[in-house]
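Peer 1: Please find the sequence and the predicted model below.
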Amino acid sequence: MTTKLYQKNEVTFPYGTAELIIETGRLAKQADGAVLISSGATQVLVTVCSAREMAPEADFFPLLVDYKEKFYASGKFLGGFNKREGRPSNSEILLMRMIDRPLRPMFPEGYFHETIITAQVLSFDPNHDPEILAGLGASAALMVSDIPFQSPIGFARVAKVAGKLVLNPTPEELKKTEIDLIVSASEEAILMVEGESKEVSEKDMLEAILFAHNEIKVFCQKITAFQKQFGKVKRTFTPNAPKTAFISKVKDQFLGNIKESLAINDKLERSHEINKLKKIISETLEKNYANFGLEEKSKFSSEANKAVEDILYHTMRNEILVNKKRIGGRGVTEVRPIDVEVDILKKVHGSALFTRGETQVLGAVTLGGKEGEQLVDKISGVTFDKFYLHYAFLPFSVGEAKGYRGVGRREIGHGNLAERALKMMMPVDYSYCVRVNCEVLESNGSSSMGSVCAGSLALMDAGVPLREPVAGIAMGLVKEGNDYQILSDILGDEDHLGDMDFKVAGTSKGITAIQMDIKITGINADIMSKALDQAKIGRIHILKEMSSALEHSRNNYKKGVPLVATTKINVDQIGAFIGPGGKNIKGLQENFKVNIECLEDGTIKVFSAEPDVLTAVLNQINLQMNGPTIGDVFDAVVVSLKEYGAFVDIAGGLSGLVHVSEISNDRVSDVGQYLAEGDKLKVKVMEVDRFGKIRLSAKAVMPINKKS
């Protein structure tokens with residue numbers, strides 16, 4: 001008799017149109033918590049481990065979320081030379097960030113133990129989204145573990161198809177949707193929102209968010225019951241709580257100085273003053289450590305930093321809630337001064353500089369053909385992106401003396417948000433591949449929304465026919481109990497010391513992209529609604545400022561932008577057009593110095609900076625595919641001589657016969673006395689028979705004389 005080495009515990013319940021299966025106890029038993037979550041044939045293993053000891057002097061929560069798509073899950077090999085999955089793809093990194101953000105505020109205050117969540121896709125069904133399962137599995141794994149975690153959260157993807165909201169839509173439904181939104185929430189409140197939409201109203205967006213929340217409530221109830229039945233007893237821990245008595249003494253002595261620093265509007269000047277104050281406080285603590293309840297061996301600079309951060313946090317929030325005053329004295333709905341310029345990079349296809357307060361972004365646009373497309377290799381299949389945005393945040397933008405070591409997770413996340421906002425307004429079936437670069441040159445609050453504005457202006461400067469200009473704004477929140485204040489156009493410090501970072505991008509007609517994450521345990525529908533309405537007012541204001549530089553896309557492309565011309569051939573002609581081994585299409589590209597794309601439906605795109613060259617190439621393609629017209633005259637090249645005449649090329653892959661009687665006005669008995677291979681001559685089309693054979697005449701244009 002076989003001994004059972006595990007006890008499998010399982011729960012099954014509907015979630016949208018699919019059925020969820022969550023099991024624990026069978027896999028990864030040495031992890032603090034582990035679940036296998038399934039929907040259809042998609043299965044995701046999620047594990048969580050948290051250190052038993054807290055690092056000395058820890059002052060933040062070191063949470064890391066890892067997500068990996070293994071290609072074996074879909075019965076595929078990884079493309080390229082290396083067949084083993086390596087560094088995370090952009091889409092995997094984006095999901096890690098998305099899962100991390102709503103989980104973080106649900107851990108107890110003062111829990112600073114290193115915690116790692118790992119989600120792996122073990123089996124993939126294209127009709128069941130592994131990303132949502134990974135988020136749900138992370139919540140379930142934490143709940144059944146012994147790790148302190150306050151309450152379950154859920155994730156839901158919402159689409160709006162034909163006016164109806166759909167939970168966890170299929171890929172086919174997502175192709176038709178007006179809204180593609182991911183929401184995370186607890187049973188009580190909303191924690192995270194991220195998505196894109198086709199200029200939907202604030203009312204419709206709120207309806208979709210609340211629809212998701214109602215579905216998430218059911219999931220949370222199921223997981224709570226699952227935990228009660230199969231979960232471990234939660235471990236005890238000693239929270240890393242602030243030293244209130246010590247902070248109170250520092251506050252009594254230095255509150256006035258801290259308030260003065262918060263009144264400074266310039267970011268770097270304010271930062272310098274705060275750093276100077278931290279140094280003064282550190283020196284004061286070292287000289288009088290006993291008076292502040294410290295020991296001689298205390299790390300005074302670290303204690304000073306913690307005290308100042310705590311006092312700054314409460315002072316800034318109190319000023320906002322009580323006096324409605326922000327850093328530098330700005331009003332709660334006031335947007336910082338805006339300056340915009342376009343066409344500042346002379347050799348670039350399109351460029352713009354957007355400055356809002358101390359945030360500045362340079363946008364640059366590159367237009368091209370198929371060679372610019374970005375290959376994306378995922379377990380769901382290989383795709384090619386024709387529009388993408390690259391966001392760069394170099395240390396000099398915040399005055400830091402650091403080197404740049406490549407793109408980080410934050411840059412990928414911010415760039416993706418800006419890309420989604422602009423992508424929704426790109427023209428359908430646009431001929432060009434488009435790359436937008438957003439270089440953050442200064443940063444003090446929402447460079448991602450600055451990138452939306454700079455990117456929109458740069459696209460219009462390039463002549464890309466955007467359906468509508470797009471702008472973005474970041475909203476903040478300060479909340480204490482039932483008292484709260486929503487802030488428009490937040491600074492970096494207001495993001496750091498506040499409770500919410502809520503970014504809304506869109507046109508004057510509606511929202512195109514949205515992202516919200518918070519540091520508290522959720523917000524209600526009333527706060528969400530007011531934040532959306534306040535964001536709309538700010539967005540309209542920014543769009544008006546942007547219109548002072550450029551109201552609409554330029555009518556013409558700039559010099560240097562490759563022009564594009566299209567023609568169409570029958571699908572059964574594609575093979576002949578490309579030629580064996582690509583000989584014909586490569587020959588056209590080399591001879592005319594152009595780029596040519598041939599699509600599956602027979603559409604041919606030709607890219608060149610010279611209009612005359614485009615015309616010549618299209619004529620050549622038409623000639624190759626459809627043959628010549630009787631009476632047309634061509635420059636030809638002799639390719640072979642026969643007793644009865646000469647065969648000449650009139651186009652790549654297209655040749656005809658000049659009969660001996662059509663070479664000269666003389667009687668030609670020896671063709672070699674009049675023509676040689678490689679000779680150039682003009683010929684006229686005299687006949688094209690039903691088999692496609694072409695009869696040509698040289699003497700009808702310019703008779704050939706006998707060689708001497």
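Peer 2: Yes, it's here. Since we're looking at a predicted model, the values are computed, not measured.
Peer 1: Please name the nearest non-neighbouring residue to residue 404.
Peer 2: Sequence neighbours aside, residue 394 is the residue nearest to residue 404 in space, at 5.0 Å (criterion: Cβ to Cβ, 6 or more residues apart in numbering). For glycine as for every other residue, the C-beta is placed from the backbone atoms N, C-alpha and C.
Peer 1: Phi first, then psi, for the closest residue to residue 517 other than its chain neighbours.
Peer 2: Distances taken as Cβ to Cβ, 6+ apart place residue 101 nearest to residue 517, at 4.0 Å, with adjacent residues excluded. Phi and psi for residue 101, reported as degrees, to the nearest 10, are phi -60, psi -50.
Peer 1: so who does residue 101 touch?
Peer 2: Applying Cβ atoms under 8 Å, 6 or more residues apart in numbering, we find residue 101 in contact with 184, 191, 192, 517.
Peer 1: What is the nearest of those residues to residue 256?
Peer 2: Set against residue 256, the nearest of the contacts of residue 101 by Cβ to Cβ is residue 517 (34.0 Å).
Peer 1: residues touching that closest one, list them.
Peer 2: Counted by Cβ under 8 Å, 6+ apart, residue 517 has contacts 101, 102, 191, 192, 500, 501.
Peer 1: What strand or helix carries it?
Peer 2: strand 511-518 (DSSP states H and E).
Peer 1: ok, then the element right after that strand?
Peer 2: By DSSP H and E, the next helix or strand past strand 511-518 is helix 525-547.
Peer 1: counting contacts, what elements does that next one pack onto?
Peer 2: Judged by 3 or more Cβ pairs under 8 Å, 6 or more residues apart in numbering; DSSP states H and E, the packing partners of helix 525-547 are helix 202-230, strand 338-342, helix 447-461, strand 471-480, strand 483-488, strand 500-506.
Peer 1: Can you pull out the low-pLDDT segments for the stretch 401-550 of the chain?
Peer 2: Applying pLDDT under 70 to the stretch 401-550 of the chain flags no residue at all.
Peer 1: surely residue 549 meets residue 340?
Peer 2: Yes - contact criterion Cβ atoms under 8 Å: residue 549 and residue 340 qualify, at 4.1 Å.
Peer 1: got JSON lines for the contacts of residue 101, with distance to residue 349 too?
Peer 2: Formatted as JSON lines, these follow (distance: Cβ to Cβ, whole Å):
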{"residue": "184", "distance to residue 349": "39"}
{"residue": "191", "distance to residue 349": "41"}
{"residue": "192", "distance to residue 349": "36"}
{"residue": "517", "distance to residue 349": "34"}
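Peer 1: Residue 280: which of those residues is nearest?
Peer 2: Checking the contacts of residue 101 against residue 280 by Cβ to Cβ gives residue 517 as the nearest, at 34.8 Å.
Peer 1: picking up where we left off before, now, among the contacts of residue 517, which is nearest to residue 316?
Peer 2: The closest of the contacts of residue 517, once distances to residue 316 are taken by Cβ to Cβ, is residue 500, at 14.3 Å.
Peer 1: Quick check: closest non-adjacent residue to the closest one.
Peer 2: Using Cβ to Cβ, 6+ apart, the closest residue to residue 500 is residue 477 (3.6 Å).
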